[in-house]
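Enquirer: A structural model of the following input is requested.
(2 chains)
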Amino acid sequence: MAKQPSKTTAPGKQSKTKAKAASASAVAAPSDDPDFMLNSLQAEFEEQKRFNATPEQMLKFYEQMLLIRRFEEKAGQLYGLGLIGGFCHLYIGQEAVAIGLQSALDNDRDSVITGYRDHGHMLAYGIDPKVIMAELTGREAGISKGKGGSMHMFSTEHKFYGGHGIVGAQVALGGGLALAHKYNEDGGLCLAYFGDGAANQGQVYETFNMASLWNLPIVFVVEDNQYAMGTSTARSSAETRFYRRGTSFRIPGMEVNGMDVLEVRAAAEVAFKHVRDGKGPVLMELNTYRYRGHSMSDPAKYRTREEVQEQRDTHDPIERLKKTLIEGGKSEDDLKTVDKGIREVVAEAADFAETSPEPEASELYTDVLVEEY
Amino acid sequence: MGIELKMPALSPTMEQGTLAKWLKAEGDTIEPGDIIAEIETDKATMEFEAIDEGVLSKIMIAEGTEDVAVGTVIAMMTGEGEDDGDTSAPEPALAAAAEPAAAPEPAPKPAAEKPTPAAPAHDPEIPEGTSFTSTAVREALRDGMAEEMRRDERVFVMGEEVAEYQGAYKVTQGLLDEFGPKRVIDTPITEYGFAGIGTGAAMGGLRPIVEFMTFNFAMQAIDHIINSAAKTNYMSGGQMRCPIVFRGPNGAASRVGAQHSQNYGPWYASVPGLIVIAPYDSADAKGLMKAAIRSEDPVVFLENELVYGRSFDVPDLDDHVLPIGKARIMREGSDVTIVSYSIGVGLALEAAEELAGEGIDAEVIDLRTLRPLDKQAVLASLAKTNRLIVAEEGWPTCSIASEIQAICMEEGFDDLDAPVLRVCNEDVPLPYAANLEELALINASSIVDAAKKVCYAD
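Expert: Numbers count the residues shown, from 1 in each chain, chains lettered A, B, ... in the order given. Here you go, the predicted model:
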């Protein structure tokens, strides 16, 4: 997965005739900007690559990542027991992405949308693990009343808009959420996650075009976990440096180590500021790795055990932060206490999800339409 | 002998137009490429360009003349070297009618040839004593949108050519001027993308109206209509709504071939979580458009290009909103029921007139909404007439007609005196050739035949 170091590209070339034609239009098109630089934000990010977190913030990140890790491990167990059905995509290994990015949001106004690997993004909000786990087991107390399942979870209260099962669909929908932010002038931005697999869907580029053309407040995040189901990025993508994929639309790109929560957070600060300043969308590539298969039913034969072990041993985001915490004066015992507390929370969530009732049969017919006709 | 300049057809559906302005006078020299005249269709003003070189010898149709049929000789030119005083030009008057054989393409039927159906039965939703204004369907749709945009700041329109171009079919004409570019948004040609953006905006609290230039292009976007818009409320346990209207022309237009001629009514009507509306006349177009925009649910609003230019009465009411899911009796009758929707309603009314001449009293039901379907209206009419046929401009297989048949079998069996018949298009992709296209499409006489068959009168 080693990639060539990023190079600074020259300012976008532009023919004078084109610039002239564009300036005739009432709205300034992105192509009017002769100074577009793919790496304009990367340079800023490189100056301060790790977020200068307070000890409290760091501990919080640690707890949140660990909660996702333990929650997902438990979900894997429950799947094995037959308590969770269908498709179930675990986030183990990718925790730093959701926590690093979402910790930088303004939750009063910003929105988030993602694909079907969505448990971690919900936990990052502090949503009660019980209602998430109960959704996985298809119970009435689940956040979607048991009618959505693992892939289709939402919390409009938190401005979390799912949880979408069709690869890439959330990108265009995220463009719409960003349009609503701009339309309502609420100052919010939309954080739209998608995978390296979704990055090859056509609608992603349709959305890039309109988001840039209309200067929408949106941060596109490619969670590059190296495999689109069983196909490695090298086998599926002509351009595996996904941050460059917005170049044709004059969207600046950022390449970020998604296995380091402090680096992710530092990158988020730069990207979000750019968007909030009304400068249009940003495309972030977060390099990460999933330890488990694509879904629970994926035996992951397309990679070696050694490859996975190497990632776990040398890049694990939780271990990395643990090391930083210990260097900063935390003791192993302190962190063990944290882990113990999280295990309890997750065990309670699992008990709740196992024991709470399934939806009433009458729920079959509710929520098809909002109104009666 | 001079060159005849004929009224041009400027769109696939144009049958006549207004000769708005002559830009050349008699005696002027004409070069190829010169603009000779301006022609107004119901959609746009177009320039009429010269192909030949010569002198404009005689203007046959004065400027300002309305309803000039396509193919009518509007002026004469003398060619190069000819005497511009040439008087051998044929006496023109209405040349189009005088020389039908010379027309290379079959002359489109002038509107006047169609039998004018009797005024439809009064819509019980409209208060007695209401006055009416004759309005084209495209204007009624626009008025409905404009009224809702005035009423609710969250409502906006997006789509290809909806703003500066004033709508590919002029349905959004004038909206940009009144509401500005924030609320009337031109999109690139990118259906999947903008359908997704519209859907996301609805999820984010806005009330988008997404125009597809035609529903044929919405196949690129159908994933968002079905997977994103229709299912999210259910999948979220009622948390996440999607109040959006997807609208545009649906069904066959005229001579545009298989890829541009399809009725998607049955496709969308099969999807739980969607509302599907397909109005016929102007009053319903307006009243149901307003209801669609106000609905908390995602609506697929199927219009018809061939009906856009037809005018019907619209009630002069401040707020004409019709209920979704209610069919309408367009013509009362006692012998046989003809159920239809959209453009099929016009054909059904035409057929009913013809049947009346043969002593068969047909009732015509306009479904108006395809989902939820007004089963009770269909079954009540069946109970009255005991015979029912469905007229649908679309394929017969897995159609709305099939659905009505199933409903009649399951819930109206005891009322049936004859099998329910489907009168649909032929089960083939729509051909281009004029004669084949005509053979493929539903028409009034096939409805008449089916009605007679179920009345055992054939």
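
Enquirer: Please count neighbours and contacts with C-alpha atoms only from this point.
Expert: Noted.

Enquirer: Where does the prediction get shaky in chain B?
Expert: Counting by pLDDT under 70, chain B contains low-confidence ranges at B:1, B:80-119.

Enquirer: Residue A:96 against residue A:257, yeah?
Expert: No - applying CA atoms under 8 Å, one finds residue A:96 not in contact with residue A:257, separated by 9.4 Å.

Enquirer: Stretch A:175-187 and chain B, any residue contact?
Expert: Yes - using CA under 8 Å from any CA of the partner chain, stretch A:175-187 reaches chain B at A:175-181, A:183.

Enquirer: ok so, going back, which residues do residue A:96 and residue A:257 both contact?
Expert: Common contact partners of residue A:96 and residue A:257 (CA atoms under 8 Å, 6 or more residues apart in numbering or on different chains): residue A:264.

Enquirer: higher neighbour count, those two?
Expert: More neighbours surround residue A:96 than the other of residue A:96 and residue A:257, with 32 against 19 (other CA atoms under 10 Å in any protein chain shown).

Enquirer: Return the residues of the stretch 201-350 of chain A in contact with chain B.
Expert: Checking the stretch 201-350 of chain A against chain B by CA under 8 Å from any CA, the hits are A:203-204, A:206-207, A:210.

Enquirer: Let me know the closest of the residues of stretch A:175-187 next to chain B to residue B:347.
Expert: When the residues of stretch A:175-187 next to chain B are ranked by distance to residue B:347 (CA to CA), residue A:176 comes first, at 40.3 Å.

Enquirer: Tell me the spacing between the residue minimising distance to the centre of chain A and chain B.
Expert: The centre of chain A sits closest to residue A:193, judged by CA atoms, centre = their mean, with a distance of 4.2 Å. Separation of residue A:193 from chain B (CA to the nearest CA, to the nearest Å): 14 Å.

Enquirer: and that residue, what helix or strand is that in?
Expert: strand A:190-195 (DSSP states H and E).

Enquirer: Can you name the next helix or strand after that strand?
Expert: helix A:202-213.

Enquirer: Kindly calculate the angle that that following helix makes with strand A:190-195.
Expert: 150 degrees (axes from the mean of the first three to the mean of the last three CA atoms, to 10 degrees).

Enquirer: Mind listing what's buried along helix A:202-213?
Expert: A:203-213 (16 or more other CA atoms under 10 Å in any protein chain shown).

Enquirer: Over to stretch B:269-280?
Expert: Taking 16+ other CA under 10 Å as the criterion, stretch B:269-280 shows B:269-271, B:273-280 as buried.

Enquirer: Take those residues and write them to CSV, including secondary structure and distance to chain A.
Expert: Output for the buried residues of stretch B:269-280, formatted as CSV (DSSP: H, G, I helix; E, B strand; the rest coil; distance: CA to the nearest CA, whole Å):
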residue, secondary structure, distance to chain A
B:269, helix, 14
B:270, coil, 13
B:271, coil, 10
B:273, coil, 5
B:274, coil, 8
B:275, strand, 9
B:276, strand, 12
B:277, strand, 12
B:278, coil, 16
B:279, coil, 16
B:280, coil, 20
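
Enquirer: Who does the helix or strand harbouring residue B:17 pair with, and is each partner parallel or antiparallel?
Expert: For residue B:17, the host element (DSSP H and E) is strand B:16-22. Sheet pairing of strand B:16-22 (DSSP bridges) gives strand B:35-40 (antiparallel), strand B:65-69 (antiparallel).

Enquirer: for these, which one sits closest to residue B:426?
Expert: strand B:65-69 (29.9 Å).

Enquirer: So for the closest one, what gets flagged as buried?
Expert: B:66, B:68-69.

Enquirer: okay if I get those as JSON lines plus distance to residue B:330?
Expert: Compiled in JSON lines, these are given as follows (distance: CA to CA, whole Å):
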{"residue": "B:66", "distance to residue B:330": "31"}
{"residue": "B:68", "distance to residue B:330": "32"}
{"residue": "B:69", "distance to residue B:330": "30"}
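
Enquirer: Closest one to chain A out of the residues you listed, please.
Expert: Comparing the buried residues of strand B:65-69 against chain A with CA to the nearest CA picks out residue B:66 as the nearest, at 35.9 Å.

Enquirer: got the contact list for the closest one?
Expert: Residue B:66 neighbours (CA under 8 Å, 6+ apart): B:17-19.

Enquirer: Turn the residues you listed into TSV, columns for neighbour count.
Expert: Converted to TSV, these look like this (neighbours: other CA atoms under 10 Å in any protein chain shown):
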residue	neighbour count
B:17	23
B:18	19
B:19	23
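
Enquirer: quick one: which of these is nearest residue A:298?
Expert: Looking across those and measuring by CA to CA, the closest to residue A:298 is residue B:17, at 64.3 Å.

Enquirer: Test my guess that that closest one contacts residue B:40.
Expert: Yes - if you go by CA under 8 Å, residue B:17 and residue B:40 touch, sitting 5.6 Å apart.

Enquirer: any chance you could map the helices in the stretch 51-200 of chain B?
Expert: For the stretch 51-200 of chain B, the helices defined by DSSP state H, counting those that start in this stretch occupy B:95-98, B:137-151, B:175-179, B:191-203.

Enquirer: okay, these, which one's buried deepest?
Expert: Comparing the helices of the stretch 51-200 of chain B by mean neighbour count (mean count of other CA atoms under 10 Å in any protein chain shown), helix B:191-203 ranks first with a mean of 30.

Enquirer: Kindly calculate the angle that that one makes with helix A:202-213.
Expert: Going by the same axes, to 10 degrees, helix B:191-203 makes 70 degrees with helix A:202-213.

Enquirer: ok, then the element right after helix B:191-203?
Expert: Counting by DSSP H and E, what follows helix B:191-203 is strand B:207-211.

Enquirer: How about the residues of the stretch 201-350 of chain B by chain A?
Expert: B:201-206, B:224, B:227-228, B:231, B:233-241, B:272-274, B:295-297, B:323-325.

Enquirer: again, 6 Å this time
Expert: B:201, B:204, B:233-238, B:273, B:325 (CA under 6 Å from any CA of the partner chain).

Enquirer: Give me the mean pLDDT for stretch A:176-192.
Expert: What stretch A:176-192 shows for mean pLDDT is 98.

Enquirer: isn't residue B:235 right up against residue A:148?
Expert: Yes - using CA atoms under 6 Å, residue B:235 is in contact with residue A:148, at 4.2 Å.

Enquirer: circling back: among the residues of the stretch 201-350 of chain B next to chain A, which lie within strands?
Expert: Of those, none are assigned to strands by DSSP state E.

Enquirer: Would you agree residue B:422 falls within a strand?
Expert: Yes - assigned with DSSP: H, G, I helix; E, B strand; the rest coil, residue B:422 falls within a strand.

Enquirer: What segments of chain A are helices?
Expert: A:16-24, A:40-47, A:55-80, A:95-102, A:119-123, A:129-136, A:169-184, A:202-213, A:233-236, A:261-276, A:305-315, A:317-327, A:332-355 (DSSP state H).

Enquirer: Give me whichever of these is most buried.
Expert: Scoring these by mean count of other CA under 10 Å, the most buried comes out as helix A:169-184, with a mean of 29.
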